[in-house]
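# Any chance you can model this:
(chains A, B and C)
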Amino acid sequence: MVPAKMIALCDQRSFYASCEAVFRPDIRDKPIAVLSNNDGVVVALNEYAKAAGVKKFEPYFKQRELMERQGVQVFSSNYELIGEQSRRIMETLRALAPAEIEVYSIDEAFIDMTGLSSDGIKSLSRQLRDAVWQHQRIPMGVSVAPTKTLAKLGQYATKKIPTINGVCVLERPHQWQWLAERVAVEEVWGVGRRLTSKLNAIGVRSAADLSRLSEREAKAMQGVTLVRTVQELNGVGCLDIETAPPPKQQIICSRSFGQKITNLDDLKEAVSFFSCRAAEKLRGQESYAYRLSIWVQTSRFDSEPINAESAIEIPGGSDDSRRLSQVAIDLLQGMYYPGARYAKAGVTLNDLRPHLGYQLDWLEADSVGGGSEVVMGVMDRVNKRFGRGALTLGRQVGRHNYAMQRALKSPSYLTRFTDLPLIRMG
DNA sequence: TCTGGGGTCCTAGGACCC
DNA sequence: TCTGGGGTCCTAGGACCC
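Prediction:
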């Protein structure tokens, strides 16, 4: 008997690294590592690179020598490439899925398989895996279980047990319990480093141990989130498929700079860019922000790091890039220390309220309205059609000293005519 | 003069994810 | 030269008020 609910998780293997191998068949059997923004830390590794001893989330400069010695192929983050690969993979999944899918992250999607027979689930899972390989040449694991957390657990099996060929279906309690006994608690979705050490201290070492934790203990240790995790490990669903993700309660845009910034103009340019990106996301979910905060910081490894933050109300709310950018720049004026070497800045939008049912503030002439919707609508459409950044505020035109370093970026094979891969015949 | 419970709002920091 | 990601949510605890 198949459980009442069955949720599939499709997870692209070593996604960033796999993407780099698609157009480079010559490196498919070599170690590959992909770096974060500004080539700061390693964020993705294929199996060969893991075997060579490269560590995820460790700084690149500390591992560079090891990587060179081991012949690791290193790449900067290529968002143009992986973003397009991701979009195409999700299209492939959508075409085969029985219902609308939940795109959970750039390389993961949940698919509701409720109602299918046991054989139906298995054959669809294999079909999804094969289609993504055939269309996009990205290896993918598919795990299916009654809850999202168990589906996540199933991914562990698709990675570690070669004989199941990347497909794991957990239908019965004894199946997920067998797996849970063999998976360390830190592998469980929602259990991070801090929680792991707390759990280990009371003798909880495996996912199965965690599933036996009482509600009271779970609540005391990590609040409602851990209670949910424990229930989900026992096959009781607490997290539904979200085909239309709920609007965000907070929107952040921040970046580390490609080089240290020491003058106010460059900082303004960066902060203006961050506010506009945040405003774009805000319009994407059809909300207004009633509060904006910005922060600027020097390197946290400095002997006396600076970390300044400041927030302000937006009377009447706004989703207008021009207004939010101006507010952010005004805030920045009072926070800037001449002589500091700024390494990073960010903008956060808070107190977000949906367009529908908002309270119009008739005392605030420049809040919502006044042609703002029209201008922002044009801006968004132009940028959608011609690419992000095609139409920006004058404020953002400058030296771009904050732009990130991507010294080892591969070509944008899928999104630029000049970068199309060439195949030489004969 | 000092003490108390209980509610709301806000924020900094913790913790997690990819 | 000198390097160190980005984004979201939750909650404990403080401030304030009745």
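
# any chance you could map the helices in chain A?
A:15-22, A:47-51, A:60-69, A:79-96, A:118-136, A:148-160, A:173-182, A:193-201, A:207-211, A:215-222, A:224-233, A:264-284, A:321-333, A:372-386 (DSSP state H).

# Out of these, which is closest to A:F417?
Closest to A:F417 of the helices of chain A, according to C-beta to C-beta: helix A:79-96, at 12.7 Å. The C-beta positions use only the backbone N, C-alpha and C, and glycine is treated the same way.

# sorry, back to before: between the helices of chain A, which gets nearest to A:I251?
helix A:264-284 (5.1 Å).

# tell me the angle that closest one makes with helix A:321-333.
140 degrees (axes from the mean of the first three to the mean of the last three C-alpha atoms, to 10 degrees).

# re the thing from before, any chance of the helices of chain A in JSON lines with distance to A:I306 and mean pLDDT as columns?
As requested, the helices of chain A are exported to JSON lines (distance: least, C-beta to C-beta, whole Å; pLDDT from 0 to 100):
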{"stretch": "helix A:15-22", "distance to A:I306": "32", "mean pLDDT": "95"}
{"stretch": "helix A:47-51", "distance to A:I306": "36", "mean pLDDT": "94"}
{"stretch": "helix A:60-69", "distance to A:I306": "23", "mean pLDDT": "94"}
{"stretch": "helix A:79-96", "distance to A:I306": "29", "mean pLDDT": "95"}
{"stretch": "helix A:118-136", "distance to A:I306": "44", "mean pLDDT": "98"}
{"stretch": "helix A:148-160", "distance to A:I306": "39", "mean pLDDT": "96"}
{"stretch": "helix A:173-182", "distance to A:I306": "46", "mean pLDDT": "97"}
{"stretch": "helix A:193-201", "distance to A:I306": "27", "mean pLDDT": "91"}
{"stretch": "helix A:207-211", "distance to A:I306": "41", "mean pLDDT": "96"}
{"stretch": "helix A:215-222", "distance to A:I306": "33", "mean pLDDT": "86"}
{"stretch": "helix A:224-233", "distance to A:I306": "33", "mean pLDDT": "92"}
{"stretch": "helix A:264-284", "distance to A:I306": "12", "mean pLDDT": "92"}
{"stretch": "helix A:321-333", "distance to A:I306": "13", "mean pLDDT": "91"}
{"stretch": "helix A:372-386", "distance to A:I306": "33", "mean pLDDT": "85"}
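
# so which of the ones you listed gets nearest A:N401?
Closest among the helices of chain A, using C-beta to C-beta: helix A:264-284, at 4.5 Å.

# can you pull the buried residues of the closest one?
For helix A:264-284, the neighbour count (16 or more other C-beta atoms under 10 Å) marks A:266-283 as buried.

# Reformat the helices of chain A as CSV; add distance to DNA strand B.
Shown next, in CSV, are these (distance: least, C-beta to the nearest atom of the strand, whole Å):
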stretch, distance to DNA strand B
helix A:15-22, 7
helix A:47-51, 15
helix A:60-69, 16
helix A:79-96, 10
helix A:118-136, 16
helix A:148-160, 7
helix A:173-182, 15
helix A:193-201, 3
helix A:207-211, 12
helix A:215-222, 7
helix A:224-233, 7
helix A:264-284, 16
helix A:321-333, 13
helix A:372-386, 24
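
# Hmm, A:M379 is touching A:A390, no?
No: taking contacts as C-beta atoms under 8 Å, A:M379 lies outside contact range of A:A390: 9.2 Å.

# re earlier: rebuild the helices of chain A as TSV, extending it with distance to A:A109.
Supplementary listing: those in TSV, determined by distance: least, C-beta to C-beta, whole Å:
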stretch	distance to A:A109
helix A:15-22	12
helix A:47-51	22
helix A:60-69	30
helix A:79-96	5
helix A:118-136	9
helix A:148-160	11
helix A:173-182	21
helix A:193-201	26
helix A:207-211	23
helix A:215-222	27
helix A:224-233	18
helix A:264-284	19
helix A:321-333	31
helix A:372-386	23
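
# what's the domain layout of chain A?
Recorded structural domains for chain A (assignment: automatic domain parsing) are A:1-181, A:251-396.

# residues contacting A:T229?
Residues near A:T229 by C-beta atoms under 8 Å, 6 or more residues apart in numbering: A:T149, A:V188, A:W189, A:G190, A:V191, A:L210, A:A218.

# any idea how far DNA strand C is from it?
12 Å (C-beta to the nearest atom of the strand, to the nearest Å).

# now swap in A:D119 and tell me
Distance of A:D119 to DNA strand C, given as C-beta to the nearest atom of the strand: 37 Å.

# same question, A:A279
From A:A279 to DNA strand C the distance is 12 Å (C-beta to the nearest atom of the strand).

# Alongside DNA strand C, which residues does chain A contribute?
Residues of chain A lying close to DNA strand C by C-beta under 7 Å from any atom of the strand are A:36-38, A:40-41, A:43, A:57, A:59-61, A:223-225, A:246, A:248-256, A:281, A:299, A:301, A:343-344, A:346, A:404.
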